[in-house]
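# Sequence and predicted structure are below.
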Amino acid sequence: MSSASAGAPSTSTADPSVLAAQQLFLDSLVGKSPRTVATYASALRRWNEHLRERKAKPELLATSEIGEEALEAFQRWLIRSYGRDDRATITTYVAGVRAFFRFLSRRHMLNGETSFEAIQEQARAGMGRASYRSPRVDSRLANVVLYVKSVPLPDPTRFPAAYLEVLRDRAIILTLFSTGMRREEASRLDRADLDDGWNSQAIIRGKGDRERVVFFSEEALEALRAYFNARNDSYAPAFIRHDRARGRVRGRGANYRLSPLSIWKTVKKISLLADVPATTHDFRHAKATVLLNQGAKLSEVQDILGHASPETTKKIYAHYEVQHLRDAFDRYSLSAEEMAERHVRRRDQR
């Protein structure tokens with residue numbers, strides 16, 4: 001951000017404010033999927049939060065005041081907020097804000113001394129090479145599941161909200177552990193998708209608004225049924241809020257639906273109580289790791305996880321592919337002595 005952007009409002013009358021430009025940008029995404037628009041909007045909200053921490057108000061800051069270091073500064077803020085290991089979150093938010101800067105460049109809303117290429121290059125240099133680190137699954141992750149299953153249920157007559165929250169959190173953890181779903185997918189899950197917990201598989205819309213099938217264990221279904229029965233409502237979302245601040249119901253409980261961030265916070269809360277550091281994505285990696293260790297093929301794991309390309313699965317779990325090749329190498333290779341023995345045997349059989 002330029003020195004002028006630290007807090008003083010713009011003196012320019014020709015350039016829109018950052019906030020107004022963001023609305024123009026979101027309006028231009030009419031051809032994109034609703035999920036993409038929502039992701040970009042979320043990224044811009046994080047950037048606005050970053051700006052306000054720097055005493056720069058998006059509603060007053062002009063787009064011409066955006067400096068070449070803007071995206072790099074946002075990246076550093078994200079790293080401090082989420083940690084360097086959470087590359088998926090950081091990359092998603094950076095991509096959304098980068099798309100916004102590209103839009104500003106195309107519409108000539110940046111100042112003449114600031115180019116989109118320079119913004120992008122500074123951010124790339126600041127972040128360094130984003131090689132994907134193979135996931136490391138904490139062997140204690142199962143303890144999070146065991147913990148949530150052991151939590152005693154509060155008295156439903158005295159503490160109805162707490163009773164429902166314990167059942168809900170148990171159903172969330174078991175669903176993530178069983179299916180390997182993303183937190184966004186769990187958030188969007190409806191009761192009808194799995195017939196109120198009586199259908200062991202569901203068709204959902206995953207990343208990129210692509211349809212895929214997810215499979216539930218019987219234990220996860222039991223937890224879901226217990227939660228739905230205790231709710232005793234006809235609200236559509238599978239996972240909802242139960243706090244007093246949720247307000248009046250609208251659209252069959254659409255306004256009660258837990259957000260992806262709420263799903264993430266639930267996992268963080270339970271994992272902290274279980275004394276095992278974990279995120280929603282750790283359950284996803286754990287599902288893939290178990291499947292691969294038990295003999296599933298990479299192509300099968302690709303379909304189960306909902307990766308659009310097999311290259312994504314190979315990139316993340318490359319060490320398993322290498323081990324598979326090593327096993328084949330050891331199983332089918334022959335020593336010189338064995339080759340010579342086979343040659344003699346074939347010659348004698350003629």
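That came in fine, so what should we check first?

# Mind listing what's buried along the helix or strand encompassing residue 35?
Using DSSP states H and E, residue 35 sits in helix 34-53. Across helix 34-53, burial judged by 16 or more other C-beta atoms under 10 Å covers 35, 36, 39, 40, 42, 43, 44, 46, 47, 48, 50, 51. In this view, the C-beta of every residue, glycine as well, is placed from N, C-alpha and C.

# Next: stretch 66-77.
In stretch 66-77, counting by 16+ other C-beta under 10 Å, buried: 66, 67, 68, 69, 70, 71, 72, 73, 74, 75, 77.

# Next: stretch 183-199.
183, 184, 185, 186, 187, 188, 189, 190, 191, 193, 194, 197.

# Filter those down to the ones in helices?
Within the buried residues of stretch 183-199, residues falling in helices by DSSP state H are 183, 184, 185, 186, 187, 188.

# For those, give me JSON lines that also has distance to residue 282.
Converted to JSON lines, these look like this (distance: C-beta to C-beta, whole Å):
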{"residue": "183", "distance to residue 282": "11"}
{"residue": "184", "distance to residue 282": "16"}
{"residue": "185", "distance to residue 282": "15"}
{"residue": "186", "distance to residue 282": "14"}
{"residue": "187", "distance to residue 282": "17"}
{"residue": "188", "distance to residue 282": "20"}
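
# Next, format the residues you listed as CSV and append pLDDT and distance to residue 243.
Below are these laid out as CSV (pLDDT from 0 to 100; distance: C-beta to C-beta, whole Å):
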residue, pLDDT, distance to residue 243
183, 89, 19
184, 87, 22
185, 91, 23
186, 93, 19
187, 92, 17
188, 91, 20
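
# Can you show me the helices along the stretch 251-350 of the chain?
260-273, 280-293, 298-305, 310-316, 318-332, 336-349 (DSSP state H, counting those that start in this stretch).

# Do a quick rundown of the helices in the stretch 51-200 of the chain.
70-82, 87-106, 116-127, 141-150, 160-179, 183-188.

# after the shortest one comes which helix or strand?
Downstream of helix 183-188, the next assigned helix or strand under DSSP H and E is strand 201-205.

# Now for this protein, the helix or strand with the poorest mean pLDDT.
Lowest on mean pLDDT, DSSP states H and E among the helices and strands of the chain sits helix 318-332, with a mean of 61.

# returning to what we had before: can you give me the angle the helix holding residue 35 makes with strand 201-205?
60 degrees (axes from the mean of the first three to the mean of the last three C-alpha atoms, to 10 degrees).

# Flag every buried residue along stretch 270-285.
Applying 16+ other C-beta under 10 Å to stretch 270-285 flags 270, 271, 274, 276, 278, 279, 280, 281, 282, 283, 284, 285 as buried.

# List the residues that contact residue 211.
Taking C-beta atoms under 8 Å, 6 or more residues apart in numbering as the contact definition, residue 211 lies against 203, 204, 205.

# So what pairs up with it in the strands?
residue 205 (DSSP bridges).

# ok so, going back, among the helices of the stretch 51-200 of the chain, which comes closest to residue 348?
helix 141-150 (56.1 Å; C-beta to C-beta).

# Give me the contacts around that closest one.
169-170, 173-174, 177, 267, 270-271, 273-276, 278, 282-283, 286.

# One more: stretch 37-56?
In contact with stretch 37-56 (C-beta under 8 Å, 6+ apart) are residues 1, 5-7, 18-19, 22, 25-26, 29, 32, 57-58, 61, 73-74, 77-78, 92-97, 99-100.

# Which residue ranges make up each domain of the protein?
3-127, 141-314, 317-350 (automatic domain parsing).

# quick revisit: for the contacts of residue 211, could you give me JSON lines that also reports distance to residue 222, pLDDT and neighbour count?
JSON lines is the format used below for the contacts of residue 211 (distance: C-beta to C-beta, whole Å; pLDDT from 0 to 100; neighbours: other C-beta atoms under 10 Å):
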{"residue": "203", "distance to residue 222": "21", "pLDDT": "88", "neighbour count": "11"}
{"residue": "204", "distance to residue 222": "20", "pLDDT": "84", "neighbour count": "21"}
{"residue": "205", "distance to residue 222": "25", "pLDDT": "77", "neighbour count": "17"}
